[in-house]
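J.: Fold the following, please.
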Amino acid sequence: MNLNTLKWISTFFILSGILIAQFNVYPLYIFIHSIGALGWMVSGYLMHDKAVMTNFGLQIPIFITGYINYFIS
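T.: Numbers count the residues shown, from 1 in each chain. Below is the predicted model of the structure:
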């Protein structure tokens, strides 16, 4: 998979997660959005883009909190 494909697939997951969140489909939106964030973080690493890595890398601990909340509750 090339970098451009990874970025578009990740964008699809990010936007799908945001859309699903609008319908309050918990926790599905967390899982879908986090796949996109992970893809973008990998893309940022491959592009040597620290701003992209920071943006999406900081989202991952937030999603982990959501995972913990879902699986513990």
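J.: hey, where'd the helices end up in this protein?
T.: Ranges of helices within the chain are 3-22, 28-47, 50-72, based on DSSP state H.
J.: Mean neighbour count and mean pLDDT for the ones you listed - can I get that in TSV?
T.: Any C-beta I mention is one placed from the backbone N, CA and C, and that applies to glycine too. Formatted as TSV, the helices of the chain follow (neighbours: other Cβ atoms under 10 Å; pLDDT from 0 to 100):
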stretch	mean neighbour count	mean pLDDT
helix 3-22	15	97
helix 28-47	19	96
helix 50-72	13	94
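J.: Can you tell me the closest non-neighbouring residue to S16?
T.: I32 (5.3 Å; Cβ to Cβ, 6 or more residues apart in numbering).
J.: M47 too?
T.: L3 (7.0 Å).
J.: show me what contacts the one you found?
T.: S43, L46, M47 (Cβ atoms under 8 Å, 6 or more residues apart in numbering).
J.: any idea how far it is from S10?
T.: 10 Å (Cβ to Cβ, to the nearest Å).
J.: Overlap in contacts, those two.
T.: With Cβ under 8 Å, 6+ apart as the test, L3 and S10 both reach S43.
J.: Tell me who's in contact with the nearest residue to G17 once chain neighbours are set aside.
T.: Ranked by Cβ to Cβ, 6+ apart and with sequence neighbours excluded, the top spatial neighbour of G17 is H33, at 2.7 Å. Counting by Cβ under 8 Å, 6+ apart, H33 touches F13, I14, S16, G17, I18, A21, Q59, F63.
J.: 7 Å instead?
T.: H33 is in contact with F13, I14, G17, I18, counting by Cβ atoms under 7 Å, 6 or more residues apart in numbering.
J.: Identify, from the residues you listed, the entry nearest to V52.
T.: I14 (12.1 Å; Cβ to Cβ).
J.: Which residues are in contact with the residue lying closest to G39 once chain neighbours are set aside?
T.: Using Cβ to Cβ, 6+ apart and skipping residues adjacent in sequence, the residue nearest G39 is S10, 3.1 Å away. With contact set as Cβ under 7 Å, 6+ apart, S10 has these partners: G36, G39, W40, S43.
J.: quick one: contacts for the first one?
T.: With contacts defined as Cβ under 7 Å, 6+ apart, G36 is in contact with S10, T11, F13, I14, G17.
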